[in-house]
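Visitor: dropping a prediction and its sequence here:
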Amino acid sequence: MGLKENILSRSIYVFHASSGSCNNCDIEIIDCLTPRYDIERFGIQLVGSVRHADILLCTGSCNRQSAPRIKKLYEQAPKPCFVVAFGACGCSRGLFKDSYNTTDPLDKIIPVDLYIPGCPPRPEAIIDGIVKLTKKLRGEV
Amino acid sequence: MTGSEILSKMRERFGGRLKEVSEKSPKRIYVTIDRADIREMTQFLHFDMGCRFNIASAVDTDKAFEILYHFTKDDAGVVFSVRVFLTDKNKPEIDALTPMMRGAEWIEREIHELFGVTFTGHPNPERLLLPDDWPDGVYPLRRDFVPPKRDDREVKKS
Amino acid sequence: MNPPNQPDFKALKSMIPIGPYHPLQEEPEFYKLVIDGEKVVDIDVRIGWNHRGIEKLSESKHFDQSIFIVERICGICSSSHPIACVQAVEDIGGIEVPERALYLRTVTQELERIHSHLLWLGLAGHFLGYNTVFMWAWKYRELICDIMEAVTGNRQNYAMMKVGGVRRDLTPDQSALILKKLDELLPKVEMLKGAVLDDPVLQARLKGVGILKKEDALEYSALGPTSRASGIPADVRRDHPYAAYGRLKFNVITQEEGDVFARLVVRVLEIVESIEILRQCIKDMPKGPIDANVKDVPEGEGIGHVEAPRGECFHYIRSDGTNSPVRHKVRAPTYMNFPTFKSTVVGQTVSDATIILAAIDPCYCCTERLTVVRAGKRKEVALTAEDLIRLCREKTKKIKEKVTGNGI
């Protein structure tokens, strides 16, 4: 079964990885699971292993220690795997671009399919972005 | 015991070894000592007077590496900052406090890797914050630190 | 576990990891637990996954810009670091901050404390297998996020602080909104308090687990609820009054046992205390300017410290009279609390490791990875973080069966 057939019959699995973040983004992602936003009603589920991931959600500004790990995580994810650059740090390294411990922006390390800007992005923005991506995955767009 | 009372006892104990005393305010007292006296001062402030070790902050100045050890006496509402100068900038060294007080372990490792100060007697001077592939001998918080070139910042091919 | 009149929260399918991502087999570890059978015999940590060089960054920016950087050290202590930072600058030159600004700083701090403790409570519930607690705590945390958004414009990262005052004032409508939301929140918190503190299963699960003895807490210079749960009555708000705390009545919450349950109790009771502090602030807030309009920072050095939800945040700033700090030292509370794991985790069982590590309420960004290896076989990864959460929940389930005679 191809990806499209697979995911029409089950939830879309999202794996969340941080490459050096302040956690606000990470918390807003988890916030989406709570009753007010309830991202699971869109058929989206956070998983505990990158090997099950359809979507790799990356927060953080890619510091030197974490950036190679993000690359490795992407390589381990089953393809196709769609990458979301999350938050100002994920999109462009944000405030931290001039730090001695920051490397390239995420989209120079792995290919990025969706950018969700914000510091942190609101849960509504997260849901909007992820739903757009999942519609694309399910071939509805 | 108030901050002033502790300071009086400190003067009794250390006498002329207190090179400079500045009572910036009732809540902020700065003293300067020789680096050889840091363990005795820690014994006095932390163990004898019951001050909490807050943190140490190192500064790279023209003439020396300066380290300020901050001790807080919570029930008196005062912060004592003990200043030492490490004047040999090629080989900055001071006794480690970690063997006396486990709360100092991390900050001594941090100052060691960010400034290049050696803490003699530290049981575990391993890297704490900097990445594994950070070059030896390059200390980011020194004034003469030159940020790595663009090429060095690229993610290593796995 | 459903309280009366509450919706039946559906089971959560998603797994909230103990950290943002999980270890790969060959990777250098972050938290490394060495186990022998069921017992943890050693624990070590490798941090640096979040090191962003904030101190050096701050030293290359203006004083005004530094505040935005320190706000993003840790998302949850998003008002504590800026307040400590501006207080350090104000300490350099003895800058007087207007009264109203001091009250506004206090309001921001206490709102942050409530939201942080609720967040922790939810995560702890999730690790233990109490997903209902997770859902409740995070749902009622939304009330606080609503307030922050109405008052500051953002749910997190408030951009409220500046040297000499605050950036935004509170309108009468916003004050009324805060009081209204607090009135909604208090009964929920009281209910959560009852559900959690009186729960015989949680008591059986968490009492006696991960004890941090008072003398160890003193040696490590532990801070915040971690140290107050071990009987050390230190709280920067009372001991070194800043903002408006010198004018307010509140209790410093301590417990004596030093175990995970004691830390839970301290945090839950602090939420109630914070609600009371907020009500006093809104009621007593004086009229007047919110900004001292500071133009220059004099030469000198200053210290600012505040009681963040996790403990004391400490900033040291040195200025040479220009508009940029010469040195900006930042010390977050978790930096001092982290090393206490040597005392609290070693000797405990592997199924308790997760909750003991979580009980210091580490800045979530720091608990990134966890590996478990068997003693003598350092290269072989025995358990993943997912396994650890599962073990943590299984132990809760066994205890529940014993205590109540029912399975979950």
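Guide: Sure, I can see it. Residues are numbered from 1 along each chain as shown, chains lettered A, B, ... in the order given.
Visitor: tell me if C:C85 really is in a strand.
Guide: No: counting by DSSP: H, G, I helix; E, B strand; the rest coil, one finds C:C85 to be helix, located in no strand.
Visitor: pretty sure C:L269 is in contact with C:T254, am I right?
Guide: No: using CB atoms under 8 Å, C:L269 makes no contact with C:T254, being 9.7 Å away. For the C-beta atoms, the positions are set from N, CA and C on the backbone; glycine is no exception.
Visitor: for the residue of the stretch 251-400 of chain C at minimum distance from chain B, give me the backbone phi and psi.
Guide: Closest approach between the stretch 251-400 of chain C and chain B, counting by CB to the nearest CB: C:K329, at 3.6 Å. Per-residue torsions, C:K329: phi -100, psi 130 (degrees, to the nearest 10).
Visitor: tell me how far it lies from B:I111.
Guide: 10 Å (CB to CB, to the nearest Å).
Visitor: C:L202 too?
Guide: Distance of C:L202 to B:I111, given as CB to CB: 41 Å.
Visitor: only alpha carbons, please: show the biggest strand by length in chain A as CSV.
Guide: Longest strand in chain A, counting residues (DSSP state E): strand A:12-18. Only the C-alpha atoms of strand A:12-18 are listed here, as CSV (Å, rounded to 0.1, in the frame of the first residue of the first chain):
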residue,chain,number,x,y,z
ILE,A,12,-1.1,10.6,10.5
TYR,A,13,1.9,10.1,12.8
VAL,A,14,3.9,13.1,13.8
PHE,A,15,7.3,12.9,15.5
HIS,A,16,8.5,15.9,17.3
ALA,A,17,12.2,16.7,17.5
SER,A,18,14.0,19.7,19.0
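Visitor: lowest-pLDDT helix or strand in chain A?
Guide: helix A:3-8 (a mean of 59; mean pLDDT, DSSP states H and E).
Visitor: before we move on, the earlier item: now for the residue of the stretch 251-400 of chain C closest to chain B: which residues touch it?
Guide: By CB atoms under 8 Å, 6 or more residues apart in numbering or on different chains, the contact list for C:K329 reads B:55, B:57, C:55, C:314-317.
Visitor: out of those, list just those in strands.
Guide: Among those, the members that lie in strands (by DSSP E) are B:55, B:57, C:314-317.
Visitor: scan those residues and report the most crowded one.
Guide: When neighbours are counted by other CB atoms under 10 Å in any protein chain shown, C:H315 leads the ones in strands among the contacts of C:K329 with 32 neighbours.
Visitor: next one: the closest residue to A:D113 other than its chain neighbours relative to chain C, how far apart?
Guide: In space, and not counting its chain neighbours, A:D113 is closest to A:F82: 4.5 Å by CB to CB, 6 or more residues apart in numbering or on different chains. Separation of A:F82 from chain C (CB to the nearest CB, to the nearest Å): 17 Å.
Visitor: A:F82 against A:I55, yeah?
Guide: Yes: judged on CB under 8 Å, A:F82 makes contact with A:I55 at a distance of 5.0 Å.
Visitor: identify the contacts common to these two.
Guide: A:L133.
Visitor: what residues does chain A have near chain B?
Guide: A:62-65, A:67-68, A:71-72, A:75, A:100-104, A:109 (CB under 8 Å from any CB of the partner chain).
Visitor: can you do 6 Å?
Guide: A:64-65, A:67-68, A:71-72, A:100, A:103, A:109 (CB under 6 Å from any CB of the partner chain).
Visitor: now, those that are in strands?
Guide: Per DSSP E, the residues of chain A next to chain B never map to strands.
Visitor: buried subset of these as a ChimeraX selection?
Guide: In ChimeraX, a selection of the buried entries from the residues of chain A next to chain B looks like this (16 or more other CB atoms under 10 Å in any protein chain shown):
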select /A:64,65,67,68,71,100,103,109
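Visitor: sort the residues of chain A next to chain B by pLDDT and name the bottom one.
Guide: Ranked by pLDDT, the residues of chain A next to chain B bottom out at A:Q65 (82).
Visitor: from what I can see that residue touches C:W49, true?
Guide: Yes: if you go by CB atoms under 6 Å, A:Q65 and C:W49 touch, sitting 5.3 Å apart.
Visitor: which one's the longest helix in chain C?
Guide: Taking DSSP state H as the assignment, the helix of chain C that covers the most residues is helix C:99-128.
Visitor: neighbours of B:D133, how many?
Guide: 10.
Visitor: how about it, secondary structure?
Guide: Going by three-state DSSP: B:D133 is coil.
Visitor: do the one 3 residues further on as well
Guide: Using three-state DSSP as the criterion, the local structure at B:D136 reads coil.
Visitor: so how far is C:S221 from the residue in chain B that chain A sits nearest to?
Guide: As assessed by CB to the nearest CB, chain A sits closest to B:P131 within chain B, at 3.9 Å. Distance of B:P131 to C:S221, given as CB to CB: 27 Å.
Visitor: distance-wise, check the residue of chain B closest to chain A relative to chain C.
Guide: 6 Å.
Visitor: ok, that residue touching A:S66?
Guide: No: look at B:P131 against A:S66 with CB under 6 Å: they stay out of range, at 8.5 Å.
Visitor: which of the two has more residues huddled nearby?
Guide: A:S66 (29 against 17).
Visitor: look up how far B:D132 lies from the closest residue to that one other than its chain neighbours.
Guide: In this structure, A:S66 finds its nearest non-sequential neighbour in A:S19, 3.9 Å apart by CB to CB, 6+ apart. Here the criterion is CB to CB. By it, A:S19 lies 15 Å from B:D132.
Visitor: same question for C:Y316.
Guide: Distance, C:Y316 to B:D132, by CB to CB: 29 Å.
Visitor: please apply the same query to C:L218.
Guide: Taken as CB to CB, the span from C:L218 to B:D132 is 33 Å.
Visitor: which of those two has more residues huddled nearby?
Guide: C:L218 (21 against 11).
Visitor: report pLDDT for the more buried one.
Guide: For C:L218, the predicted pLDDT is 94.
Visitor: doesn't it lie inside a helix?
Guide: Yes: assignment of C:L218 by three-state DSSP places it within a helix.
Visitor: gap between it and B:M101?
Guide: 9 Å.
Visitor: quick one: contacts for the residue of chain A positioned farthest from its centre?
Guide: For chain A, the residue at maximal distance from the C-alpha centroid (CA atoms, centre = their mean) is A:Y100, at 24.8 Å. Residues in contact with A:Y100 (CB atoms under 6 Å, 6 or more residues apart in numbering or on different chains) are B:140, B:147, C:53.
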